[in-house]
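Undergrad: no FASTA, just this:
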Ligand code: HEM
């Protein structure tokens, strides 16, 4: 190579080597690619994955769960075909549907430490400031929020503190029902019960309600109405958007899901920030803000500034998110328990008769029910339990995401798979319940179930680390509302309608709503003297 520099010689030698080995290189690349494909193929072949329907390219099993059939019914159908554990791919997201008590125990107890987290979720991230508890992944923030909620807000003493405001709100609703049903007018009680459940909670959270223009400043009343409107819009929206199933498409917001959530969040934020400022202002005017803490928001603002408490410095966004969680998780669940119980009582008049007889025996007809009576109303309690069995407000648990590769029921489960327990399926499983579709409150009495019922057969509040922290409050409010309604009112069906005509069909949505809300006729049941107790509206004025 006369006249060539050393590096030019190297380049020429390399080119000639390349020419000679061209084919070898292509073959090596192809072999590498093939190895990767084969390894991937064999890896998933080696994994023993749970059964499930055939997948479509890209969209996976989305067609199996799309449409207007409620998710728990789709899951029930899939369980009948593939068994108690079904694997689905919803776009890029892997999910497991669990439909037996044994496997529910495995997810919610034996492997609770692995399955107690939540997957990321656009709705929570956008509408709940990405800071709420319901959708919080497992970690220090989750533990702190859960502790604050359970100990500081929903402890027995704190719940007792709001006894009078609950009584006023429920009696106010009873009055409205009797008034609006006067003269044989047909009523959709469900709508009034939604407002009632919401206001019971807003009284505890902000010490505000939205019915009375006399008690509250107009601005405060409008704030509550606005929150109710925004909150209703939020709950009416679907739980996930295209960006949840296909994270790579999220930035395009193809279905406008994120844009819509952002609009609601901005308005909620403005409204909640104003209420927080008003509470701060009021607390600053008190001699000892702690001594006079009167509602949940006051309590949280006190913790925020208490250097000795671990919640010290809790950001405002965490406070807003926690309060929204209480409204979101508490309102519908409580309302639905009362609504489905009433529906079943109207469908089974002999059960209604027993409930009212028990109320007359325990309370009598000369006074109204008090929360302290609840412990003596065993039959009414059994009606509520049986209602939650057949109509659990959350028919499927919130998603529990698996934080590492594991096995469930002998099947391999990959990290980041979301598991849903179909509570509706467990509660109607003929292997666990005698005549599961029959509404029979008696099954809860006289220890009838003690020897028959299996563990994890009945989970209306979930189980494990993510079990509902509002169970006691939700049960108390729902049982008390039902007791007041059954004690003070006579309900009957519109002319020409028979109990058998009542439809138990369920509407598509996250919670278990009635597809055909019940229309009822109502009249007072007690002698007029029983209603002379301090009128609830007046009592609310004096209390504020
Ligand atoms: C009858 C009424 C209620 C029923 C049937 C009910 C049911 C449930 C269910 C099934 C879950 C999901 C459990 C899981 O993911 O495994 C849940 C979670 C939750 N509930 Fe309730 N609930 C009721 C009332 C309430 C009330 C009144 C509140 C608030 C005061 C509340 C607050 C929550 C919260 C914050 C969570 C999320 C807990 C977490 O992720 O750690 N619930 N509830």
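TA: Noted; the coordinates are in hand. The shown structure was predicted, so the numbers you read here are calculated from the model rather than taken from an experiment. Numbering: from 1, shown residues only.
Undergrad: on the pLDDT front, check residue 471 for me.
TA: With respect to pLDDT, residue 471 scores 97.
Undergrad: right, and it touches residue 463 too?
TA: No. Contact between residue 471 and residue 463 fails when scored by Cβ atoms under 8 Å: they sit 10.8 Å apart. Just so you know, the C-beta spots here come from the backbone N, C-alpha and C atoms, and that holds for glycine as well.
Undergrad: okay, those two: which has more neighbours?
TA: residue 463 (19 against 14; other Cβ atoms under 10 Å).
Undergrad: report the buried residues of stretch 364-376.
TA: Within stretch 364-376, the residues that count as buried by 16 or more other Cβ atoms under 10 Å are 368, 369, 371, 373, 374.
Undergrad: what about these, which are in strands?
TA: Among these, no member falls in strands (DSSP state E).
Undergrad: tell me the one of the residues you listed nearest the ligand?
TA: residue 374 (14.1 Å; Cβ to the nearest ligand atom).
Undergrad: list the residues that contact the nearest residue to the closest one once chain neighbours are set aside.
TA: Counting by Cβ to Cβ, 6 or more residues apart in numbering, residue 374 lies nearest to residue 479, which is 5.6 Å off, once chain neighbours are set aside. Contact partners of residue 479, counting by Cβ atoms under 8 Å, 6 or more residues apart in numbering, are 374, 377, 380, 381, 384.
Undergrad: hmm, the helix or strand where residue 476 lies touching the ligand?
TA: For residue 476, the host element (DSSP states H and E) is helix 471-488. Yes. On the criterion Cβ under 6 Å from any ligand atom, helix 471-488 is in touch with the ligand at 473, 474, 475, 478.
Undergrad: could you report the neighbour count for the third one?
TA: Looking back up the chat, that one is residue 475. Residue 475: 21 neighbours (other Cβ under 10 Å).
Undergrad: next up, the contacts around it.
TA: By Cβ under 8 Å, 6+ apart, the neighbours of residue 475 are residue 384.
Undergrad: confidence score at it?
TA: In this model, residue 475 carries a pLDDT of 97.
Undergrad: that one and residue 337, how far apart?
TA: 8 Å (Cβ to Cβ, to the nearest Å).
Undergrad: what sits in contact with each of those two?
TA: residue 384.
Undergrad: pLDDT score for the residue of the stretch 151-300 of the chain found nearest the ligand?
TA: Proximity of the stretch 151-300 of the chain to the ligand (Cβ to the nearest ligand atom) peaks at residue 154, 6.0 Å away. Residue 154 is assigned 96 on the pLDDT scale.
Undergrad: what separation do you get for it and residue 473?
TA: 6 Å.
Undergrad: likewise for residue 322?
TA: For residue 322 relative to residue 473 (Cβ to Cβ), the value is 14 Å.
Undergrad: of the two, give the one with the bigger neighbour count.
TA: Neighbours around residue 322 and residue 473, counted as other Cβ under 10 Å, are more numerous at residue 322. The numbers are 25 against 22.
Undergrad: contact partners for the more buried one?
TA: Residue 322 makes contact with 132, 133, 145, 148, 149, 300, according to Cβ under 8 Å, 6+ apart.
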